[in-house]
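coords please:
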Amino acid sequence: MDIYSNAALYNALHKNYNADNNFIVSIAKNTGGPVLELAAGTGRLAGGILDLGFEYTGIDINKNFIEVAKKTHTKNANFICSDMRSFKTNKQYKFIFIGFNSFLHLYKNKDAILCLRSVKKHMMYDSVFLLSIFMPNPSFLYRSKNKLYPATNIFDFNGEKCQFMEKNKYNPNTRVNHLKWYLKKNNKIQKEEYNFDLRMYYPHEMDIIFDKAGLIIKEKYGDYNFSPLTDDSSLQIYVCKKG
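Residues are numbered from 1 along each chain as shown. Presented below is the predicted three-dimensional model:
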């Protein structure tokens with residue numbers, strides 16, 4: 001089963017997660033609109049942008065998620081079902097962003113470059129592009145294969161206390177981390193498996209990918225508090241301009 005197959009469960013999981021929202025809103029506020037979000041999901045981050053009064057467009061490849069987003073945000077928001085590697089809106093945007101880890105669903109460098117080249121085509125001369133992804137962490141990637149680890153905090157879903165537990169298998173050749181999630185309801189692990197993969201990108205790879213895509217990195221941050229990116233950072237956050 002795909003972790004993105006159940007929009008209600010996805011929304012419940014992320015209902016109280018807002019660590020990235022204030023950061024993204026602050027960048028948007030300083031940059032201006034219109035705003036484009038890639039891998040917009042069910043529109044979790046759209047609200048903060050719309051509250052600024054900016055015109056917002058969200059793109060996602062998941063038709064079900066797009067329909068949920070359309071019902072949630074009905075004013076000044078436009079949601080499009082498309083592939084972020086090759087999208088076209090016939091419009092340019094002042095601020096474009098890809099939120100927390102969605103970029104990691106691009107498993108090959110060529111896909112990452114295609115995505116960022118599409119981003120560049122939709123940028124104005126003074127636009128800002130923001131990308132936020134995990135910093136690869138060996139202690140997370142190389143764990144016991146037979147043990148389940150907490151993947152999320154406890155959250156409410158259909159009146160039950162839930163938490164996702166996970167195990168993973170990392171392929172160092174492809175740098176793809178294969179994850180299996182299991183839902184724990186009221187302390188009981190359910191049988192269903194939720195499978196998904198995330199590609200791990202290292203900072204030196206991102207430098208090359210941005211350059212090949214024609215984007216120039218303005219700032220690098222290691223968390224949502226605007227701390228500088230270091231080897232010990234948990235995140236890689238890039239603020240870019242058009243090259």
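
use CA for all of it now, contacts and neighbours both
OK.

any idea how far residue 236 is from the residue nearest the centre of the chain?
Per Cα atoms, centre = their mean, the C-alpha nearest to the average position across the chain is that of residue 102, at 2.8 Å. Counting by Cα to Cα, to the nearest Å, the gap from residue 102 to residue 236 is 13 Å.

picking that back up, how close does the residue nearest to the centre of the chain sit to residue 84?
For residue 102, the distance to residue 84 (Cα to Cα) stands at 10 Å.

So for the two, which residues contact both of them?
Residues touching both residue 102 and residue 84 (Cα atoms under 8 Å, 6 or more residues apart in numbering): residue 39.

Could you give me the buried positions within the helix or strand of the chain with the lowest mean pLDDT?
In the chain, the helix or strand scored least confidently by mean pLDDT, DSSP states H and E is helix 7-14, which has a mean of 81. Neighbour-count burial for helix 7-14 flags 7, 10, 11, 13 (criterion: 16 or more other Cα atoms under 10 Å).

can you put those in TSV and add distance to residue 33?
Shown next, in TSV, are those (distance: Cα to Cα, whole Å):
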residue	distance to residue 33
7	28
10	28
11	26
13	29
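
between those residues, which is nearest residue 146?
Nearest to residue 146 among the buried residues of helix 7-14, counting by Cα to Cα, is residue 13 at 24.4 Å.

Show me what secondary structure element comes after the longest helix anywhere in the chain.
Ranked by residue count under DSSP state H, the longest helix found in the chain is helix 109-121. Using DSSP states H and E, the helix or strand that follows helix 109-121 towards the C-terminus is strand 123-134.

so residue 33 touches residue 92, yeah?
No. Using Cα atoms under 8 Å, residue 33 is not in contact with residue 92, being 9.9 Å away.

picking that back up, just checking, next helix/strand downstream of the least confident helix or strand of the chain?
helix 21-31.

quick one: average pLDDT of that following helix?
Average pLDDT, helix 21-31: 95.

And for stretch 185-199?
Mean predicted confidence for stretch 185-199 is 91.

go on, stretch 108-124?
98.

List the buried residues in that stretch.
111-123.

Next one, pLDDT for the residue lying closest to residue 114 once chain neighbours are set aside please.
In space, residue 114 comes closest to residue 85 once its chain neighbours are excluded; the distance is 5.2 Å by Cα to Cα, 6 or more residues apart in numbering. pLDDT recorded at residue 85 is 96.

Next, count neighbours for residue 85.
18 (other Cα atoms under 10 Å).

looking at it, it is touching residue 111, isn't it?
Yes. Here residue 85 reaches residue 111: they are 6.4 Å apart, a contact under Cα under 8 Å.

List the contacts of residue 226.
Applying Cα under 8 Å, 6+ apart, no residues contact residue 226.

likewise the one 3 residues further on?
Counting by Cα under 8 Å, 6+ apart, residue 229 makes contact with 220, 221, 222, 223, 235, 236, 237.

so of these, which ones are in strands?
220, 221, 235, 236, 237 (DSSP state E).

Which member of these is positioned nearest residue 44?
Distances from residue 44 to the ones in strands among the contacts of residue 229, taken by Cα to Cα, are shortest for residue 237, at 18.7 Å.
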